[in-house]
Structures are given as structure tokens and as C-alpha cells.
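Asker: pasting the sequence and the predicted coordinates here, then a few questions.
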Amino acid sequence: MTVHGERARNLLHEGKGQADAYLSLSPYNRYYLTGFSGSQGAVLVAPEEYRWLLCDFRYTEQAASQAPDYEIVPVANDLFKRVGALAHDVGAQRIAFEADHLTVEEWNRLTEAVPDIAWIPVSGMTEKMRMIKTADEIVLLRRAAQVASTALSKVLATTIRPGISERQVALSLELVMRESGADRLSFDTIVASGPRGSLPHGQPSTRILEPGDYVTIDFGAVVGGYHSDETVTVVLPGSSSTAAEMRQIYEIVYAAQQAGLEAVKSGTPVSAVDRAARRVIEAAGFGAQFGHGTGHGVGLEVHEPPYLSWRAAPDDVLQSGMAITVEPGIYLPNIGGVRLEDTVMVTDRGYQRLTTVDKAWRVL
């Protein structure tokens, strides 16, 4: 049995007492449980090592190759009917389904197709398993981070300068990430320069970079299905009217990120990491300008549990093997902004950095 079959068995064990089978429709959970990377399909697991991967004609050959632990079930337009038939064949009467990944329309079709099954909504079961990375997953996360960080270092050295547009920065970075081994981008690259730096998720525009600009770049690469996530704020040579204020903001955010990183350790509540970073920014008088959480998990999705937020439950704690980001920021409308982000692995002793670009203040 491969790791994927073992994950399916563990998943059903976790749900014991709630249901006697489990249905997954999430593409990320499907990949995690089976190894199948196609864009369509469903997973059904039941006791006695019953495991099915249902997909249409486009993916049956691929599924057989990628998911050897699973019986491949071809489907056309009868996905939910086939799920019901398989459940009936093994006597399953109560099936847990991922409530977070089923639309109202799909729910109506499911219950209409299989009315005699008790459907049990659950949330986060597979995602909970995904939070602790295996050695193989860590290798892929490290590769993704290395590809992205190396690509940015090349672009910083050769491309980013006054006179080019934000879109040119994004295009250059995306091209080098692809050339360096990225399967795809983790998300649409964010580039926000000068006064646009106050936009936490500012999409690249036609704005031309000017001397003295602070340029925030949020970017990531995917390798083998696993994401990287990193943010830098770089400073262009030259002077600007906001230079002194922005330098102060940068140093505050840098100190906040260092405080957040130093708080990372297995057993630490995620809210404590947020609090460590946020306390630095609030003490400097900029708490209202830091409105998002301090970080999040990274893996098959670029944003996944755990979420490092002041809203997190007290028993939501870091565990060794989690991959998380630490990314405080300050955003000043009409002036600019600074965000610094690294992806790290949580260990019993602290953290191990995956992303590698130095976050200390410097002029390009």
C-alpha cells in the first residue's frame, strides 16, 4: 500500500463513529488521498480497504497510473448515482461528505440521486491530515520555495529598475520562475509600487517604477503540486518625498516579522505568533494599518490551515511538520506599504526557513 492508500485508511479511522464511508469532491483532497492530479473526479472510501476513484473518460488512463491504490470507476453524467451504487454494494448507509466543497446545486443532485443514504456533513477532516507534512512533501515545498526565491534574486539583479512598469516586473518574474522549474504559479503575482504599495493585493498595473519607490512583490511557484509563498518589499535607488517615512515603516515591519518568526515553535498557539508580530506594529502606532492575519499554512493550497490570526481558537497550536508563512505588513493610503513574508517549517526547536531572499532593508 502506498502513502495514498494509508491516508485513506487513516481518514476513515478519523471519521469512525460518524459514518461508514467518506466522499471527497475537493481537487486538493483528491490529490492528497490518491495521487491523481486530474481536474475532475471524486473519491469514495469505505471499510475493508474499499477505495474508489471516479472520473470520466478523459482521465481513466491517467488515474490508473497515478492512483494504484484505488479502483478506477469510469463515469459519464452519473457520478452521484455511481457513488450510491458503490455504497450500496458494500452496505454503507451513512456517508460523510466534505460540506466545504459541495455546492447547493450539487447537494440537490446528490440527495436526489441517492435518497436512501444518510449524508453526514463534515469539515476539515482531510485538511487536518494535510497540515502535517511528510518528508516527501517537505522536499517539494523546499524545491518550490527555492525555484521562486532564486528567480526573484535573478530578476532583482537584472530587471527591476526605474523606468519599467509593474506589469513588466511581474512578467519577468513569472518567466524566470517557469524557466527555473515551476510547474505553474502559486497565484497571480502581486506587484505594487510607490503609493500603490498600500494595496495588500495590488495587481500589477501599467504604473512606471520611479526613483526611490518601495515595490512590494508577492509571488510563488508550484512544484509537484506544492506551493511556495514569499513577499519582499524592495527599494529602488533615488530619492522620494516619502523616503524617511517609508524607511521607518520598513524597519517596523522587519522587526515585527522577526518577532513573529521567533515565536514559531511546536506547541505554540497560532494566535501567539500573530500577537508577537502585531504587538510590534501596534507599539509603533500602526495597528490600524495592519488589518490581516500574520500568516497561514502552505501546501497543496497556497492558503490552507492553520491560519495565524488573533481570531484563532486557543487550542489551535503549531505542530512540528507544519509549513506556515509569517507576513506582517503596514499599508498607508496614498503613501505606500511594506509587507515581508517567508515560508517556514515548524520544528520542536523553532523554525526552518524555506524561502531564502534576505528581508533586511536595502537599496537595489
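Answerer: Perfect, I can see it now.
Asker: contacts, neighbours, all on C-alpha from now
Answerer: Fine.
Asker: mind listing what's buried in stretch 145-163?
Answerer: 145, 146, 147, 148, 149, 150, 151, 152, 155, 160, 161 (16 or more other C-alpha atoms under 10 Å).
Asker: make TSV from those and add pLDDT, distance to residue 6 and secondary structure to it.
Answerer: Formatted as TSV, the buried residues of stretch 145-163 follow (pLDDT from 0 to 100; distance: C-alpha to C-alpha, whole Å; DSSP: H, G, I helix; E, B strand; the rest coil):
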residue	pLDDT	distance to residue 6	secondary structure
145	98	27	helix
146	98	29	helix
147	98	30	helix
148	98	31	helix
149	98	33	helix
150	97	35	helix
151	98	36	helix
152	98	38	helix
155	97	42	helix
160	95	47	coil
161	95	51	coil
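Asker: nearest to residue 275, of those residues?
Answerer: residue 145 (25.8 Å; C-alpha to C-alpha).
Asker: pretty sure the closest one contacts residue 345?
Answerer: No - assessed by C-alpha atoms under 8 Å, residue 145 is found out of contact with residue 345, at 11.6 Å.
Asker: any residues in contact with both of those two?
Answerer: residue 354 (C-alpha atoms under 8 Å, 6 or more residues apart in numbering).
Asker: middle-most residue in the protein, spatially?
Answerer: In the chain, the residue lying closest to the centroid (C-alpha atoms, centre = their mean) is residue 302, at 1.6 Å.
Asker: which residues are in contact with the nearest residue to that residue once chain neighbours are set aside?
Answerer: Computed as C-alpha to C-alpha, 6 or more residues apart in numbering, the closest residue to residue 302 that is not its neighbour in sequence is residue 227, at 5.6 Å. Counting by C-alpha under 8 Å, 6+ apart, residue 227 touches 141, 144, 145, 186, 220, 221, 298, 299, 300, 301, 302.
Asker: could I get those in TSV, plus columns for secondary structure and distance to residue 55?
Answerer: Below are the contacts of residue 227 laid out as TSV (DSSP: H, G, I helix; E, B strand; the rest coil; distance: C-alpha to C-alpha, whole Å):
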residue	secondary structure	distance to residue 55
141	helix	28
144	helix	29
145	helix	32
186	coil	25
220	coil	30
221	strand	28
298	coil	27
299	coil	24
300	coil	20
301	coil	22
302	coil	25
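Asker: among those, which one sits closest to residue 177?
Answerer: For these, the nearest to residue 177 is residue 221 (6.8 Å; C-alpha to C-alpha).
Asker: hmm, that closest one is touching residue 177, no?
Answerer: Yes - between residue 221 and residue 177 there is a contact under C-alpha under 8 Å: 6.8 Å.
Asker: and the two? Which one has more around it.
Answerer: residue 221 (32 against 28; other C-alpha atoms under 10 Å).
Asker: quick check: that one vs residue 130, distance?
Answerer: 19 Å (C-alpha to C-alpha, to the nearest Å).
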